[in-house]
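Q: predicted model, plus sequence, below.
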Amino acid sequence: MKLGQEQFEREGNYRIALNIMKTLLKKGLLNESEFRKANQRLIEKYNPVWGHYPDVTAAR
């Protein structure tokens with residue numbers, strides 16, 4: 001799938017925001033419920049193409 005420039009930027013912005021949210025979760029500044037709500041809002045805001053796929057860049 002080829003992304004246009006606008007969609008590419010939305011996808012990147014979503015991933016950046018998601019990583020910030022994950023950091024807040026790990027540090028205990030967010031709980032799971034808050035994280036899920038925030039992630040849903042990020043998906044609504046950025047409408048990422050791959051938002052429902054797992055993060056393949058995450059360390060395993």
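A: Arrived safely, thanks for sending.
Q: and the residue positioned nearest the centre of the chain, what element?
A: The structure's the chain has its C-alpha centroid closest to L18; by Cα atoms, centre = their mean the separation is 3.2 Å. Element membership for L18 (DSSP states H and E) is helix 5-26.
Q: identify the residues contacting that helix?
A: For helix 5-26, contacts defined as Cβ atoms under 8 Å, 6 or more residues apart in numbering pick out 3, 30-32, 35, 38-39, 42-43, 45-51, 55. Glycine gets a C-beta too; all of them are placed from N, C-alpha and C.
Q: let's see that with 10 Å instead.
A: Contacts to helix 5-26, defined as Cβ atoms under 10 Å, 6 or more residues apart in numbering, come from residues 1-4, 29-32, 34-36, 38-39, 41-43, 45-51, 55, 57-58.
Q: now the residues you listed: which count as buried?
A: Buried members of the contacts of helix 5-26, counted by 16 or more other Cβ atoms under 10 Å: 30, 35, 38-39, 42, 46, 48, 51.
Q: so who does G4 touch?
A: By Cβ under 10 Å, 6+ apart, G4 lies in contact with R10.
Q: from G12, how far out is it?
A: 13 Å (Cβ to Cβ, to the nearest Å).
Q: okay, R10 and A38: tell me how far apart.
A: According to Cβ to Cβ, R10 and A38 sit 17 Å apart.
Q: same check, this time on L18
A: 9 Å.
Q: and L30, what helix or strand is that in?
A: Using DSSP H and E, no helix or strand contains L30.
Q: pull the number of nearby residues for the residue lying closest to it once chain neighbours are set aside.
A: Distances taken as Cβ to Cβ, 6 or more residues apart in numbering place L24 nearest to L30, at 4.5 Å, with adjacent residues excluded. Residues lying near L24 (other Cβ atoms under 10 Å) number 15.
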